[in-house]
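Novice: here is a sequence together with a model predicted from it:
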Amino acid sequence: MPHLTLEYTANLASFDPTRALAAINAAMFDSGQFSEPDIKSRAIAVGNFQVGILQNPRAFVHLRIALLSGRSSAERKELADAALAALGELILAPRGMEIQLSVETSELDRDSYAKTIVHG
Amino acid sequence: MPHLTLEYTANLASFDPTRALAAINAAMFDSGQFSEPDIKSRAIAVGNFQVGILQNPRAFVHLRIALLSGRSSAERKELADAALAALGELILAPRGMEIQLSVETSELDRDSYAKTIVHG
Amino acid sequence: MPHLTLEYTANLASFDPTRALAAINAAMFDSGQFSEPDIKSRAIAVGNFQVGILQNPRAFVHLRIALLSGRSSAERKELADAALAALGELILAPRGMEIQLSVETSELDRDSYAKTIVHG
(Lines give C-alpha, C1' and ligand atoms only; values in the text may rest on other atoms or scores of the structure.)
Protein backbone atom coordinates (compact mmCIF):
# COMPACT_ATOMS: atom_id res chain seq x y z
CA MET A 1 0.00 0.00 0.00
CA PRO A 2 -1.03 2.66 -0.61
CA HIS A 3 -3.44 1.55 -3.31
CA LEU A 4 -4.76 4.44 -5.38
CA THR A 5 -7.71 4.19 -7.75
CA LEU A 6 -8.42 7.08 -10.09
CA GLU A 7 -11.70 7.21 -11.98
CA TYR A 8 -12.49 9.77 -14.68
CA THR A 9 -15.50 10.14 -16.89
CA ALA A 10 -14.83 9.44 -20.54
CA ASN A 11 -16.19 12.81 -21.68
CA LEU A 12 -12.95 14.42 -20.46
CA ALA A 13 -11.19 14.00 -23.78
CA SER A 14 -8.12 16.00 -22.79
CA PHE A 15 -7.54 14.20 -19.48
CA ASP A 16 -4.30 12.23 -19.57
CA PRO A 17 -4.47 9.32 -17.09
CA THR A 18 -0.79 8.44 -17.45
CA ARG A 19 0.26 11.95 -16.52
CA ALA A 20 -2.28 12.04 -13.71
CA LEU A 21 -0.98 8.82 -12.17
CA ALA A 22 2.57 10.13 -12.34
CA ALA A 23 1.49 13.32 -10.58
CA ILE A 24 -0.39 11.65 -7.76
CA ASN A 25 2.31 9.06 -7.18
CA ALA A 26 4.85 11.88 -6.94
CA ALA A 27 2.60 13.65 -4.44
CA MET A 28 2.33 10.48 -2.35
CA PHE A 29 6.09 9.96 -2.45
CA ASP A 30 6.75 13.59 -1.52
CA SER A 31 4.60 13.17 1.59
CA GLY A 32 7.36 11.06 3.08
CA GLN A 33 4.79 8.57 4.39
CA PHE A 34 5.61 5.72 1.95
CA SER A 35 8.48 3.83 0.45
CA GLU A 36 8.71 4.38 -3.27
CA PRO A 37 7.82 0.96 -4.73
CA ASP A 38 4.80 0.54 -2.47
CA ILE A 39 2.75 3.25 -4.19
CA LYS A 40 0.40 1.37 -6.54
CA SER A 41 -1.99 3.35 -8.71
CA ARG A 42 -4.45 2.58 -11.47
CA ALA A 43 -6.72 4.73 -13.62
CA ILE A 44 -10.11 3.72 -14.96
CA ALA A 45 -12.05 5.54 -17.66
CA VAL A 46 -15.75 5.50 -16.85
CA GLY A 47 -17.74 5.20 -20.05
CA ASN A 48 -21.19 4.76 -18.51
CA PHE A 49 -21.91 7.45 -15.95
CA GLN A 50 -24.62 9.84 -14.79
CA VAL A 51 -24.28 12.95 -12.64
CA GLY A 52 -27.53 13.94 -10.95
CA ILE A 53 -30.77 13.59 -12.85
CA LEU A 54 -30.35 16.33 -15.47
CA GLN A 55 -28.55 16.07 -18.79
CA ASN A 56 -26.26 19.08 -18.18
CA PRO A 57 -22.63 18.78 -19.37
CA ARG A 58 -21.00 17.32 -16.28
CA ALA A 59 -18.02 15.16 -15.51
CA PHE A 60 -16.16 13.85 -12.50
CA VAL A 61 -12.73 12.72 -11.45
CA HIS A 62 -12.51 10.73 -8.24
CA LEU A 63 -9.51 9.30 -6.43
CA ARG A 64 -9.54 6.75 -3.64
CA ILE A 65 -6.40 6.47 -1.52
CA ALA A 66 -6.47 3.19 0.43
CA LEU A 67 -4.09 3.10 3.41
CA LEU A 68 -3.27 0.52 6.01
CA SER A 69 -5.27 1.37 9.13
CA GLY A 70 -3.73 3.49 11.86
CA ARG A 71 -2.94 6.84 10.27
CA SER A 72 -4.23 10.02 11.92
CA SER A 73 -6.93 12.18 10.38
CA ALA A 74 -4.30 14.88 9.83
CA GLU A 75 -2.04 12.52 7.89
CA ARG A 76 -4.95 11.34 5.77
CA LYS A 77 -6.15 14.88 5.11
CA GLU A 78 -2.63 15.91 4.09
CA LEU A 79 -2.54 13.12 1.50
CA ALA A 80 -5.98 13.93 0.14
CA ASP A 81 -5.19 17.62 -0.16
CA ALA A 82 -1.87 16.92 -1.90
CA ALA A 83 -3.56 14.62 -4.41
CA LEU A 84 -6.37 17.11 -5.01
CA ALA A 85 -3.83 19.85 -5.73
CA ALA A 86 -1.85 17.61 -8.09
CA LEU A 87 -4.97 16.60 -10.01
CA GLY A 88 -6.37 20.10 -10.08
CA GLU A 89 -3.39 21.30 -12.09
CA LEU A 90 -4.09 18.71 -14.78
CA ILE A 91 -7.78 19.29 -15.29
CA LEU A 92 -9.12 21.80 -17.75
CA ALA A 93 -12.88 21.92 -18.12
CA PRO A 94 -14.30 22.27 -21.62
CA ARG A 95 -16.40 25.43 -21.97
CA GLY A 96 -19.72 25.09 -20.19
CA MET A 97 -18.81 21.87 -18.39
CA GLU A 98 -18.74 21.38 -14.64
CA ILE A 99 -16.23 18.85 -13.33
CA GLN A 100 -16.43 17.55 -9.77
CA LEU A 101 -13.01 16.54 -8.49
CA SER A 102 -12.93 14.58 -5.24
CA VAL A 103 -10.49 12.55 -3.15
CA GLU A 104 -11.31 10.07 -0.40
CA THR A 105 -9.06 8.12 1.90
CA SER A 106 -10.04 4.69 3.14
CA GLU A 107 -8.46 2.15 5.45
CA LEU A 108 -7.16 -1.31 4.66
CA ASP A 109 -7.61 -3.62 7.64
CA ARG A 110 -4.09 -4.12 8.92
CA ASP A 111 -4.68 -7.37 10.81
CA SER A 112 -5.84 -9.34 7.80
CA TYR A 113 -3.77 -7.69 5.05
CA ALA A 114 -1.61 -10.25 3.26
CA LYS A 115 1.18 -9.46 0.83
CA THR A 116 4.07 -11.09 -0.94
CA ILE A 117 6.47 -10.13 -3.69
CA VAL A 118 7.18 -12.34 -6.68
CA HIS A 119 10.50 -11.75 -8.43
CA GLY A 120 11.19 -12.81 -11.99
CA MET B 1 -21.02 12.36 -2.84
CA PRO B 2 -22.83 10.11 -2.97
CA HIS B 3 -20.64 8.01 -5.25
CA LEU B 4 -22.48 5.04 -6.72
CA THR B 5 -20.79 2.15 -8.47
CA LEU B 6 -22.93 -0.36 -10.35
CA GLU B 7 -21.39 -3.62 -11.53
CA TYR B 8 -23.20 -6.10 -13.75
CA THR B 9 -21.99 -9.32 -15.27
CA ALA B 10 -21.64 -9.22 -19.03
CA ASN B 11 -23.89 -12.25 -19.56
CA LEU B 12 -26.90 -10.02 -18.85
CA ALA B 13 -27.36 -9.06 -22.48
CA SER B 14 -30.62 -7.21 -21.94
CA PHE B 15 -29.39 -5.12 -19.00
CA ASP B 16 -29.27 -1.43 -19.93
CA PRO B 17 -26.71 0.38 -17.74
CA THR B 18 -27.74 3.84 -18.90
CA ARG B 19 -31.32 3.23 -17.88
CA ALA B 20 -30.20 1.64 -14.61
CA LEU B 21 -28.07 4.66 -13.68
CA ALA B 22 -30.95 7.00 -14.43
CA ALA B 23 -33.22 4.91 -12.19
CA ILE B 24 -30.86 4.74 -9.22
CA ASN B 25 -29.98 8.43 -9.45
CA ALA B 26 -33.67 9.25 -9.44
CA ALA B 27 -34.13 7.03 -6.38
CA MET B 28 -31.27 8.80 -4.60
CA PHE B 29 -32.67 12.22 -5.47
CA ASP B 30 -36.17 11.22 -4.37
CA SER B 31 -34.79 10.27 -0.94
CA GLY B 32 -34.35 13.97 -0.24
CA GLN B 33 -30.94 13.28 1.32
CA PHE B 34 -28.81 14.82 -1.49
CA SER B 35 -28.56 17.85 -3.71
CA GLU B 36 -29.11 16.97 -7.33
CA PRO B 37 -25.66 17.55 -8.91
CA ASP B 38 -23.84 15.66 -6.13
CA ILE B 39 -25.15 12.24 -7.16
CA LYS B 40 -22.35 10.65 -9.17
CA SER B 41 -22.86 7.18 -10.63
CA ARG B 42 -20.92 4.88 -12.90
CA ALA B 43 -21.65 1.43 -14.35
CA ILE B 44 -19.08 -1.24 -15.09
CA ALA B 45 -19.67 -4.35 -17.16
CA VAL B 46 -17.83 -7.29 -15.63
CA GLY B 47 -16.54 -9.55 -18.38
CA ASN B 48 -14.50 -11.93 -16.24
CA PHE B 49 -16.52 -13.28 -13.34
CA GLN B 50 -17.28 -16.46 -11.45
CA VAL B 51 -20.17 -17.20 -9.11
CA GLY B 52 -19.46 -20.07 -6.73
CA ILE B 53 -17.54 -23.07 -7.98
CA LEU B 54 -20.09 -24.60 -10.35
CA GLN B 55 -20.72 -23.69 -13.97
CA ASN B 56 -24.45 -23.07 -13.55
CA PRO B 57 -25.96 -20.11 -15.45
CA ARG B 58 -25.53 -17.34 -12.91
CA ALA B 59 -25.13 -13.59 -12.95
CA PHE B 60 -24.96 -10.73 -10.50
CA VAL B 61 -25.68 -7.03 -10.28
CA HIS B 62 -24.10 -5.18 -7.38
CA LEU B 63 -24.36 -1.55 -6.35
CA ARG B 64 -22.17 0.27 -3.85
CA ILE B 65 -23.50 3.52 -2.44
CA ALA B 66 -20.64 5.48 -0.83
CA LEU B 67 -21.77 8.18 1.59
CA LEU B 68 -19.98 10.71 3.73
CA SER B 69 -19.79 9.28 7.25
CA GLY B 70 -22.41 10.18 9.80
CA ARG B 71 -25.69 8.87 8.41
CA SER B 72 -27.86 6.61 10.57
CA SER B 73 -28.39 2.94 9.82
CA ALA B 74 -32.00 3.72 9.03
CA GLU B 75 -31.05 6.36 6.47
CA ARG B 76 -28.56 3.99 4.85
CA LYS B 77 -31.04 1.14 4.77
CA GLU B 78 -33.65 3.38 3.19
CA LEU B 79 -31.23 4.25 0.37
CA ALA B 80 -30.22 0.63 -0.19
CA ASP B 81 -33.82 -0.54 -0.29
CA ALA B 82 -34.80 2.23 -2.71
CA ALA B 83 -31.94 1.36 -5.04
CA LEU B 84 -32.73 -2.35 -4.84
CA ALA B 85 -36.33 -1.68 -5.77
CA ALA B 86 -35.34 0.56 -8.69
CA LEU B 87 -32.88 -2.01 -10.05
CA GLY B 88 -35.24 -4.92 -9.50
CA GLU B 89 -37.72 -3.40 -11.92
CA LEU B 90 -35.10 -3.34 -14.67
CA ILE B 91 -33.76 -6.86 -14.37
CA LEU B 92 -35.26 -9.74 -16.29
CA ALA B 93 -33.50 -13.07 -15.88
CA PRO B 94 -33.06 -15.22 -18.98
CA ARG B 95 -34.77 -18.62 -18.62
CA GLY B 96 -32.86 -20.86 -16.25
CA MET B 97 -30.53 -18.14 -14.98
CA GLU B 98 -30.21 -17.02 -11.38
CA ILE B 99 -29.25 -13.37 -10.83
CA GLN B 100 -28.08 -12.15 -7.44
CA LEU B 101 -28.91 -8.47 -6.98
CA SER B 102 -27.29 -6.74 -4.00
CA VAL B 103 -26.77 -3.24 -2.64
CA GLU B 104 -24.24 -2.14 -0.04
CA THR B 105 -23.69 1.23 1.57
CA SER B 106 -20.22 2.31 2.66
CA GLU B 107 -18.83 5.38 4.36
CA LEU B 108 -16.45 7.99 2.99
CA ASP B 109 -14.26 9.36 5.78
CA ARG B 110 -15.57 12.88 6.29
CA ASP B 111 -12.48 14.36 7.94
CA SER B 112 -10.16 13.68 5.03
CA TYR B 113 -12.56 14.03 2.11
CA ALA B 114 -11.38 16.71 -0.31
CA LYS B 115 -13.40 18.17 -3.15
CA THR B 116 -13.39 21.01 -5.60
CA ILE B 117 -15.37 21.98 -8.67
CA VAL B 118 -13.75 23.00 -11.94
CA HIS B 119 -15.88 25.14 -14.26
CA GLY B 120 -15.25 25.43 -17.97
CA MET C 1 -21.44 -12.01 -0.24
CA PRO C 2 -18.57 -12.48 -0.25
CA HIS C 3 -17.78 -10.10 -3.10
CA LEU C 4 -14.27 -10.57 -4.46
CA THR C 5 -12.56 -8.10 -6.78
CA LEU C 6 -9.30 -9.12 -8.43
CA GLU C 7 -7.20 -6.49 -10.20
CA TYR C 8 -4.12 -7.32 -12.25
CA THR C 9 -1.89 -5.07 -14.29
CA ALA C 10 -2.10 -5.66 -18.02
CA ASN C 11 1.67 -6.22 -18.36
CA LEU C 12 1.19 -9.70 -16.87
CA ALA C 13 0.63 -11.35 -20.22
CA SER C 14 0.61 -14.89 -18.87
CA PHE C 15 -1.85 -14.21 -16.04
CA ASP C 16 -5.10 -16.09 -16.60
CA PRO C 17 -7.96 -14.30 -14.81
CA THR C 18 -10.45 -17.10 -15.41
CA ARG C 19 -8.17 -19.63 -13.75
CA ALA C 20 -7.39 -17.19 -10.94
CA LEU C 21 -11.08 -16.63 -10.18
CA ALA C 22 -11.68 -20.37 -10.10
CA ALA C 23 -8.79 -20.80 -7.67
CA ILE C 24 -9.84 -18.08 -5.26
CA ASN C 25 -13.49 -19.13 -5.30
CA ALA C 26 -12.37 -22.67 -4.48
CA ALA C 27 -10.27 -21.32 -1.62
CA MET C 28 -13.23 -19.35 -0.28
CA PHE C 29 -15.51 -22.40 -0.52
CA ASP C 30 -12.94 -24.64 1.15
CA SER C 31 -12.84 -22.25 4.13
CA GLY C 32 -16.29 -23.50 5.08
CA GLN C 33 -17.39 -19.93 5.85
CA PHE C 34 -19.73 -19.50 2.84
CA SER C 35 -22.46 -21.24 0.93
CA GLU C 36 -21.37 -22.06 -2.59
CA PRO C 37 -23.55 -19.77 -4.76
CA ASP C 38 -22.85 -16.72 -2.59
CA ILE C 39 -19.20 -16.41 -3.66
CA LYS C 40 -19.19 -13.71 -6.34
CA SER C 41 -15.89 -12.77 -7.98
CA ARG C 42 -14.81 -10.52 -10.82
CA ALA C 43 -11.44 -9.80 -12.41
CA ILE C 44 -10.35 -6.47 -13.89
CA ALA C 45 -7.32 -5.93 -16.10
CA VAL C 46 -5.70 -2.61 -15.26
CA GLY C 47 -4.33 -1.04 -18.42
CA ASN C 48 -3.31 2.32 -16.96
CA PHE C 49 -1.18 1.89 -13.86
CA GLN C 50 1.94 3.21 -12.17
CA VAL C 51 3.98 1.62 -9.39
CA GLY C 52 6.09 4.14 -7.49
CA ILE C 53 7.77 6.95 -9.39
CA LEU C 54 10.41 5.00 -11.33
CA GLN C 55 9.95 3.23 -14.66
CA ASN C 56 11.25 -0.15 -13.44
CA PRO C 57 9.44 -3.28 -14.72
CA ARG C 58 6.79 -3.71 -12.05
CA ALA C 59 3.35 -5.19 -11.80
CA PHE C 60 0.72 -5.88 -9.18
CA VAL C 61 -2.14 -8.22 -8.46
CA HIS C 62 -4.56 -7.13 -5.77
CA LEU C 63 -7.61 -8.87 -4.35
CA ARG C 64 -10.30 -7.35 -2.18
CA ILE C 65 -12.51 -9.75 -0.23
CA ALA C 66 -15.63 -7.91 0.96
CA LEU C 67 -17.47 -9.65 3.80
CA LEU C 68 -20.57 -8.87 5.78
CA SER C 69 -19.48 -7.25 9.04
CA GLY C 70 -18.99 -9.34 12.16
CA ARG C 71 -16.23 -11.81 11.30
CA SER C 72 -13.22 -12.07 13.62
CA SER C 73 -9.76 -10.91 12.64
CA ALA C 74 -8.64 -14.54 12.66
CA GLU C 75 -11.38 -15.57 10.22
CA ARG C 76 -10.53 -12.67 7.94
CA LYS C 77 -6.82 -13.39 8.07
CA GLU C 78 -7.48 -17.05 7.25
CA LEU C 79 -9.38 -16.04 4.12
CA ALA C 80 -6.71 -13.56 3.02
CA ASP C 81 -3.92 -16.08 3.51
CA ALA C 82 -5.80 -18.78 1.63
CA ALA C 83 -6.43 -16.44 -1.30
CA LEU C 84 -2.83 -15.26 -1.31
CA ALA C 85 -1.61 -18.86 -1.44
CA ALA C 86 -4.01 -19.73 -4.26
CA LEU C 87 -2.96 -16.72 -6.32
CA GLY C 88 0.73 -17.19 -5.60
CA GLU C 89 0.65 -20.56 -7.33
CA LEU C 90 -0.65 -18.96 -10.52
CA ILE C 91 1.76 -16.06 -10.83
CA LEU C 92 5.01 -16.35 -12.66
CA ALA C 93 7.05 -13.17 -12.94
CA PRO C 94 8.75 -12.46 -16.27
CA ARG C 95 12.54 -12.18 -15.90
CA GLY C 96 13.51 -8.94 -14.19
CA MET C 97 9.98 -8.00 -13.15
CA GLU C 98 8.80 -7.49 -9.60
CA ILE C 99 5.16 -8.32 -8.90
CA GLN C 100 3.46 -7.16 -5.71
CA LEU C 101 0.67 -9.54 -4.73
CA SER C 102 -1.68 -8.35 -1.99
CA VAL C 103 -5.02 -9.29 -0.43
CA GLU C 104 -7.25 -7.11 1.72
CA THR C 105 -10.46 -7.91 3.51
CA SER C 106 -13.13 -5.27 3.98
CA GLU C 107 -16.51 -5.19 5.66
CA LEU C 108 -19.94 -4.73 4.11
CA ASP C 109 -22.27 -2.93 6.51
CA ARG C 110 -24.67 -5.63 7.61
CA ASP C 111 -27.51 -3.37 8.75
CA SER C 112 -28.01 -1.70 5.40
CA TYR C 113 -27.10 -4.57 3.03
CA ALA C 114 -29.98 -5.38 0.70
CA LYS C 115 -30.21 -8.42 -1.54
CA THR C 116 -32.65 -10.32 -3.65
CA ILE C 117 -32.48 -13.14 -6.16
CA VAL C 118 -34.12 -12.98 -9.58
CA HIS C 119 -34.89 -16.33 -11.20
CA GLY C 120 -35.39 -16.78 -14.92
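Specialist: Yep, it's here. Small disclaimer: the values here were computed from a predicted structure and weren't measured. Numbering: from 1, shown residues only, chains lettered A, B, ... in the order given.
Novice: chain A: helices as residue ranges?
Specialist: A:17-30, A:73-88 (DSSP state H).
Novice: what's the neighbour count on A:Ala93?
Specialist: 17 (other CB atoms under 10 Å in any protein chain shown). The C-beta positions use only the backbone N, C-alpha and C, and glycine is treated the same way.
Novice: ok, now the one 5 residues further on?
Specialist: Using other CB under 10 Å, A:Glu98 is surrounded by 16 other residues.
Novice: tell me who's in contact with it.
Specialist: A:Glu98 is in contact with A:Asn56, A:Pro57, A:Arg58, A:Ala59, B:Pro37, B:Ile117, B:Val118, B:His119, B:Gly120, counting by CB atoms under 8 Å, 6 or more residues apart in numbering or on different chains.
Novice: for A:Ser41, same thing?
Specialist: A:Ser41 touches A:His3, A:Leu4, A:Thr5, A:Leu6, A:Leu21, A:Ile24, A:Asn25, C:Phe49, C:Gln50, C:Val51, counting by CB under 8 Å, 6+ apart.
Novice: swap in 10 Å and give it another go.
Specialist: Taking CB atoms under 10 Å, 6 or more residues apart in numbering or on different chains, we find A:Ser41 in contact with A:2-6, A:17, A:20-22, A:24-25, A:28, A:63, A:65, C:46, C:48-52, C:60.
Novice: what's the closest non-adjacent residue to it?
Specialist: Leaving aside its chain neighbours, A:Ser41 sits nearest to A:Leu4 (4.0 Å; criterion: CB to CB, 6 or more residues apart in numbering or on different chains).
Novice: separation between the one you found and chain B?
Specialist: A:Leu4 is 14 Å from chain B, where distance means CB to the nearest CB, to the nearest Å.
Novice: number of residues surrounding the residue of chain A found nearest chain C?
Specialist: At 3.2 Å from chain C, A:Gly120 is the closest residue in chain A, using CB to the nearest CB. By other CB under 10 Å, the residues close to A:Gly120 number 13.
Novice: read off the pLDDT value for it.
Specialist: You'll see A:Gly120 listed with a pLDDT of 89.
Novice: that one touches C:Asn11, doesn't it?
Specialist: No. The pair A:Gly120 / C:Asn11 is not scored as a contact, 11.4 Å apart, by CB atoms under 10 Å.
Novice: of all residues in chain A, which one is closest to chain B?
Specialist: In chain A, the residue that lies nearest chain B is A:Ala93 (3.2 Å; CB to the nearest CB).
Novice: distance of that residue from B:Glu7?
Specialist: 28 Å (CB to CB, to the nearest Å).
Novice: likewise for A:Val61?
Specialist: Distance from A:Val61 to B:Glu7, counting by CB to CB: 20 Å.
Novice: now do A:Pro94
Specialist: Computed as CB to CB, the A:Pro94 to B:Glu7 distance reads 29 Å.
Novice: and for A:Phe34?
Specialist: Shown here: A:Phe34 relative to B:Glu7, a distance of 29 Å by CB to CB.
Novice: what about these two, which has more around it?
Specialist: With neighbours defined as other CB under 10 Å, A:Phe34 and B:Glu7 compare such that B:Glu7 has more, 22 against 17.
Novice: the spatially most central residue of chain A pairs with what?
Specialist: Nearest residue to the geometric centre of chain A (CA atoms, centre = their mean): A:Leu63, 2.7 Å. Applying DSSP bridges to A:Leu63 yields these beta-bridge partners: A:Leu6, A:Val103.
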